[in-house]
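Student: Need a 3D model of the sequence below.
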Amino acid sequence: MHIVDRRLNPGGKSLPNRQRFLRRVKDVAQRAVRESAREKDIKDLGKDGRVSVPADGVREPRFSRQPGTGLQDHILPGNKTYVEGDTIERPPGGGGGRGSGEGGDGGENSEDAFRFVLTREEFLELFLEDLELPDLAKRRLAVVETEGLRRAGYTVTGSPANLALTRTLRNSMSRRIALKRPKPEEVAALEAQLAALRDSDPGRPDLERALLKLRERAKRIPYVDPIDLRFRRFEPYPRPIAQAVMFCLMDVSGSMTEHMKDLAKRFYILLHIFLTRRYRHVEIVFIRHTDRATEVDEETFFGSRETGGTLVSSALVEMKRVIAERYDPNDWNIYAAQASDGDNVSSDGPTSTELLRAHILPACQHFAYLEVGDENGPRAGFVEHRTTLWRTYEAIAKAGGPIAMRKVNHRREIYPVFRELFGRKDARAEAEA
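Tutor: Model prediction:
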């Protein structure tokens, strides 16, 4: 059998070579991608990216002779100083000349950085590799896009690789016994009796007829028949999957400047890319609020302009309503991320605290709060201001609530803070160490 694979390499030539190269420079390329993401516009993260890696990061290891040791024969054209047998003094330090290659000091910038273009898939894979939703644990049986395979008895047709040999031979034995197929021992016994008789013996013809009958019957009843074949059968079944929903809460009140709203939108765009890229079974709920909260679609969440007062509890009430209607905490891993400037009506603090402690946090696996500030941040020499909402959430966090809090003032801080909030536990532990 001949198999011709006519599939084309996606994207370009030498795909296996490119994949091997990316695996070899993965660590270096990942650092370059993260540095690139600090200054790149969030909306450009989903596009192709050009990254630079140091030349020594792509150098391949190889075996070679050390130039400063051993006996070496050279032909020096135009030599008028040395003759055969002369000894040449070794240069001090055991090194070679002053060339710009690996053996000499060619200056700090003797080798340029290696630049190459990553596809969108490659860029996002490196960008989001060590991020995850924390404590993604709850599982349920649901209608899923992917199914697993499990053993489901035997079938009479199938691939030779799935042939159940033991079951096939057992069926063969049952059939041969039921049809009374002559045993090899019976045939051998008759042959031995014939061999012991003379040609003139009167009983020989009867034995020959009996032997012929046994052989014909054995031929008509094969040792293994196609009806004996049994193959291992597999059937698809729904796998228990981890279902998750992410609630995105954003303050769009009048106290939020355009810079603050821009920071919040960048955070959520990054979160949206992360969730849609890494998880196939994660739903996203967008909630915008001023003194009133509404559930909106993705386009309205990122593009609509709206102003008004600030009432954080309105967003929490809306989130509570959506959870009660569509997302049973027993079946869903519930996450929430909130972005605000920290402004809130003082009288709303107890209401927000009660909603979080009694309803929101018990249902959530993780709650992340991002407080956005002015671009210039707190001035030097002044105590950092703790906003009303920050003090409210800080008290809940100190009491052991599953809430993480970070502050951001500049766009370059979005990505590091995002990694702190959603980095893997082992990655965060290494970073803290």
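
Student: residue boundaries of the helices in this protein?
Tutor: Applying DSSP state H to the chain gives helices spanning 15-24, 26-39, 120-127, 165-178, 184-196, 204-220, 258-278, 298-303, 312-326, 349-355, 361-363, 388-398, 414-422, 425-432.

Student: possible to save these as CSV with mean pLDDT, mean neighbour count and distance to E235?
Tutor: Using the backbone N, CA and C atoms, a C-beta is placed for each residue, glycine as well. CSV is the format used below for these (pLDDT from 0 to 100; neighbours: other CB atoms under 10 Å; distance: least, CB to CB, whole Å):
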stretch, mean pLDDT, mean neighbour count, distance to E235
helix 15-24, 71, 12, 34
helix 26-39, 68, 17, 39
helix 120-127, 69, 19, 33
helix 165-178, 93, 14, 17
helix 184-196, 85, 12, 40
helix 204-220, 86, 13, 37
helix 258-278, 79, 20, 30
helix 298-303, 79, 14, 38
helix 312-326, 94, 19, 32
helix 349-355, 92, 17, 47
helix 361-363, 91, 16, 36
helix 388-398, 90, 17, 49
helix 414-422, 80, 19, 37
helix 425-432, 53, 11, 37
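
Student: Tabulate these in a markdown table, adding columns for distance to T290.
Tutor: Putting the helices of the chain into a markdown table (distance: least, CB to CB, whole Å) gives the following:
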| stretch | distance to T290 |
| --- | --- |
| helix 15-24 | 46 |
| helix 26-39 | 31 |
| helix 120-127 | 33 |
| helix 165-178 | 70 |
| helix 184-196 | 92 |
| helix 204-220 | 90 |
| helix 258-278 | 12 |
| helix 298-303 | 14 |
| helix 312-326 | 8 |
| helix 349-355 | 15 |
| helix 361-363 | 23 |
| helix 388-398 | 14 |
| helix 414-422 | 23 |
| helix 425-432 | 34 |
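
Student: which one of the ones you listed lies closest to V285?
Tutor: Nearest to V285 among those is helix 312-326 (5.8 Å), distances taken as CB to CB.

Student: Outside of that closest one itself, list whatever touches it.
Tutor: Outside helix 312-326, the residues that touch it by CB atoms under 8 Å, 6 or more residues apart in numbering are 247, 249, 251, 285, 287, 289-295, 329, 334, 336, 338, 340, 344, 348, 351-352, 355-356, 359-360, 363, 389.

Student: And the helices of the chain: which comes nearest Q66?
Tutor: Comparing the helices of the chain under CB to CB, the one sitting nearest is helix 15-24, at 24.7 Å.

Student: how's the protein carved up into domains?
Tutor: The chain breaks down into these domains under automatic domain parsing: 9-58+116-127, 153-234, 241-432.

Student: got those domains as TSV, with distance to G85 columns?
Tutor: Output for the domains of the chain, formatted as TSV (distance: least, CB to CB, whole Å):
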stretch	distance to G85
domain 9-58+116-127	41
domain 153-234	72
domain 241-432	61
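
Student: And T387, how far from S255?
Tutor: 10 Å (CB to CB, to the nearest Å).

Student: what residues are shared contacts of these two?
Tutor: Residues touching both T387 and S255 by CB under 8 Å, 6+ apart: D341, D343.

Student: hang on, the earlier thing: sort out which of the contacts of helix 312-326 are buried, if you could.
Tutor: 247, 249, 251, 285, 287, 289-290, 293, 295, 334, 336, 338, 340, 344, 348, 351-352, 355-356, 359-360, 363, 389 (16 or more other CB atoms under 10 Å).

Student: Identify those among the residues you listed that sit within strands.
Tutor: Within the buried ones among the contacts of helix 312-326, residues falling in strands by DSSP state E are F247, L249, D251, V285, I287, H289, A293, E295, I334, A336, Q338, S340.

Student: okay, those residues in CSV with distance to Y223 next?
Tutor: Rendered in CSV, the data for those read as follows (distance: CB to CB, whole Å):
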residue, distance to Y223
F247, 68
L249, 73
D251, 80
V285, 66
I287, 72
H289, 79
A293, 77
E295, 71
I334, 63
A336, 69
Q338, 74
S340, 80
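
Student: what's the farthest-apart pair in the residues you listed?
Tutor: D251 and I334 (20.3 Å).

Student: the strands in the stretch 51-200 of the chain, which residues?
Tutor: In the stretch 51-200 of the chain, the strands defined using DSSP state E, counting those that start in this stretch lie at 114-118, 139-140, 147-155.

Student: rank the ones you listed by mean pLDDT and give me the bottom one.
Tutor: Of all the strands of the stretch 51-200 of the chain, strand 139-140 carries the lowest average pLDDT, namely a mean of 48.

Student: what residue of this protein is the furthest out?
Tutor: S200 (85.5 Å; CA atoms, centre = their mean).

Student: And that one, its phi and psi?
Tutor: Backbone torsions for S200, taken as degrees, to the nearest 10, come to phi -90, psi 0.

Student: quick one, what contacts the closest residue to N376 other than its chain neighbours?
Tutor: Leaving aside its chain neighbours, N376 sits nearest to N409 (7.4 Å; criterion: CB to CB, 6 or more residues apart in numbering). Counting by CB under 8 Å, 6+ apart, N409 touches L263, V372, G373, D374, E375, N376, G377.
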